[in-house]
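Trainee: Here's a sequence, model it:
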Amino acid sequence: MMTSREIRLADYLREECILCDMEADSRDRAIEQLVGLLHRHLDGFDSDKAYQAVMARERQAATVLSEGLALPHARIDGLARPVLALATSRVGIDFEAVGESPVHVMVLILTPKDDPGAYLRLVATLSKTLGRPHLIKRLSVAADAREAYGILTEDRNGVEVRLNAESVMNRNPVTLDEGDTLAHAIHAFCANRAMDIPVVDVDGDLRGVVAIEDLLGLSLPQHLLWMEDLAPIENFEPFAELLRKDAETKVADFMHDTFVAVPPDMPAMQLSKIFLMQHIRQIQVLEGRRFLGVVNLESFISQIFWA
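Mentor: Numbers count the residues shown, from 1 in each chain. Model prediction:
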């Protein structure tokens with residue numbers, strides 16, 4: 001008997017909602033085709049609004065989950081239950097994700113707006129299912145919808161899913177090394193609009209964290225903070241002085257080794273309490289000292305309320 005934590009993709013995906021070797025070569029056109037396919041076979045939602053919602057999410061951040069796989073998604077008003085549509089492409093679809101290769105398997109996920117856990121559970125299930133060796137390749141060359149459906153649903157017993165830190169973490173965040181320079185760190189913060197960056201060594205262990213405030217702290221020593229009025233420092237002289245040394249100052253000189261860390265199996269709901277009680281922006285996910293990823297408050301809120 002299937003438990004409440006087991007997900008069977010066959011319960012959410014129908015064979016007629018699969019397009020094999022689709023002709024669309026752009027992300028926008030591919031998403032439009034899959035939304036239209038779902039609407040034709042399932043109805044119950046406004047296809048134009050659904051398309052706009054999916055595209056709005058894509059503009060926020062590309063949903064390329066791993067090499068060759070994308071999971072565009074949106075939460076929709078009035079939808080009774082989660083639904084999936086799948087497309088494969090032998091030549092690949094450009095998802096406009098910087099540094100990512102073309103997408104060969106795309107799964108569109110539409111979930112009810114008032115069910116934040118549905119999207120997370122389906123993503124966790126698809127990640128686990130499609131993470132099997134060679135499965136993306138098998139799907140991308142499937143001859144027809146029946147074959148693709150059989151490949152994706154061959155596990156009839158379902159996949160057990162636990163919503164934990166591993167489910168919601170960013171597995172590939174921007175990181176720094178202790179030997180990186182201040183110049184490198186400044187570029188990392190500004191180019192990625194980051195607020196906190198983990199410092200990871202060559203063995204993959206977390207050594208510390210650098211917060212954006214640490215850059216200010218380097219520039220404003222304690223004797224300046226005691227001054228009532230900093231108006232006379234019109235040209236940001238302390239910052240200019242620091243920038244003159246940005247190639248000499250190392251990340252190890254200003255990172256801090258106090259941070260909040262949780263194991264990968266920490267229940268995702270518990271992370272909400274940690275964010276609220278400890279007033280932090282980022283939680284490190286560790287296995288021992290080995291760095292696995294981060295949960296950023298901004299991303300966590302997006303996954304819960306917007307996905």
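Trainee: all contacts plus neighbour counts: C-alpha atoms, from now on.
Mentor: OK.
Trainee: residues of the helix or strand Q303 falls within that come out buried?
Mentor: Element membership of Q303, judged by DSSP states H and E, is helix 297-305. By neighbour count with 16 or more other Cα atoms under 10 Å, helix 297-305 contains the buried residues L297, S299, F300, I304.
Trainee: cool, stretch 85-96 as well?
Mentor: Neighbour counts over stretch 85-96 (16+ other Cα under 10 Å) mark A85, L86, A87, T88, S89, R90, G92, I93, D94, F95, E96 as buried.
Trainee: Format the residues you listed as JSON lines; extra columns: secondary structure, distance to V199 and pLDDT.
Mentor: As requested, the buried residues of stretch 85-96 are exported to JSON lines (DSSP: H, G, I helix; E, B strand; the rest coil; distance: Cα to Cα, whole Å; pLDDT from 0 to 100):
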{"residue": "A85", "secondary structure": "strand", "distance to V199": "39", "pLDDT": "95"}
{"residue": "L86", "secondary structure": "strand", "distance to V199": "38", "pLDDT": "95"}
{"residue": "A87", "secondary structure": "strand", "distance to V199": "38", "pLDDT": "94"}
{"residue": "T88", "secondary structure": "strand", "distance to V199": "38", "pLDDT": "93"}
{"residue": "S89", "secondary structure": "strand", "distance to V199": "38", "pLDDT": "91"}
{"residue": "R90", "secondary structure": "strand", "distance to V199": "39", "pLDDT": "90"}
{"residue": "G92", "secondary structure": "strand", "distance to V199": "35", "pLDDT": "89"}
{"residue": "I93", "secondary structure": "strand", "distance to V199": "34", "pLDDT": "88"}
{"residue": "D94", "secondary structure": "strand", "distance to V199": "32", "pLDDT": "86"}
{"residue": "F95", "secondary structure": "coil", "distance to V199": "30", "pLDDT": "83"}
{"residue": "E96", "secondary structure": "coil", "distance to V199": "28", "pLDDT": "76"}
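Trainee: where do the helices sit along the protein?
Mentor: Ranges of helices within the chain are 27-42, 47-60, 116-130, 135-140, 145-152, 165-168, 182-192, 212-219, 222-225, 237-244, 268-278, 297-305, based on DSSP state H.
Trainee: Give me whichever of those is most buried.
Mentor: Highest mean neighbour count of the helices of the chain: helix 165-168, a mean of 23 (counted as mean count of other Cα atoms under 10 Å).
Trainee: what is the mean pLDDT for it?
Mentor: Helix 165-168 carries an average pLDDT of 90.
Trainee: Also stretch 25-41?
Mentor: 93.
Trainee: Please put the alpha-carbon coordinates of that stretch into CSV.
Mentor: C-alpha atoms of stretch 25-41 as CSV (Å, rounded to 0.1, in the frame of the first residue of the first chain):
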residue,chain,number,x,y,z
ASP,A,25,13.9,24.8,-30.3
SER,A,26,13.3,27.7,-27.9
ARG,A,27,12.3,27.6,-24.2
ASP,A,28,9.3,29.9,-24.7
ARG,A,29,7.9,27.9,-27.6
ALA,A,30,8.4,24.6,-25.8
ILE,A,31,6.6,25.8,-22.7
GLU,A,32,3.8,27.2,-24.8
GLN,A,33,3.3,23.8,-26.5
LEU,A,34,3.3,21.9,-23.2
VAL,A,35,0.8,24.3,-21.6
GLY,A,36,-1.4,24.0,-24.6
LEU,A,37,-1.1,20.2,-24.5
LEU,A,38,-2.2,20.0,-20.9
HIS,A,39,-5.0,22.4,-21.5
ARG,A,40,-6.4,20.3,-24.4
HIS,A,41,-6.4,17.1,-22.5
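Trainee: what does that stretch rub up against?
Mentor: The contact list for stretch 25-41, computed with Cα atoms under 8 Å, 6 or more residues apart in numbering, reads 16-17, 22, 24, 45-47, 50-51, 54-55, 72, 83-87, 92-96, 108.
Trainee: now the buried residues of stretch 85-96 in CSV, with distance to I7?
Mentor: Compiled in CSV, those are given as follows (distance: Cα to Cα, whole Å):
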residue, distance to I7
A85, 16
L86, 17
A87, 20
T88, 22
S89, 26
R90, 28
G92, 28
I93, 28
D94, 29
F95, 27
E96, 30
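Trainee: pLDDT below threshold where in the stretch 151-300 of the chain?
Mentor: In the predicted model, the stretch 151-300 of the chain carries pLDDT under 70 at residues 155-158, 221-227, 230-237.
Trainee: Walk me through the domains of the protein.
Mentor: Here the domain parsing of the chain from automatic domain parsing is 6-161, 182-305.
Trainee: export these to JSON lines and tack on distance to V174?
Mentor: Listed next are these as JSON lines, based on distance: least, Cα to Cα, whole Å:
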{"stretch": "domain 6-161", "distance to V174": "14"}
{"stretch": "domain 182-305", "distance to V174": "6"}
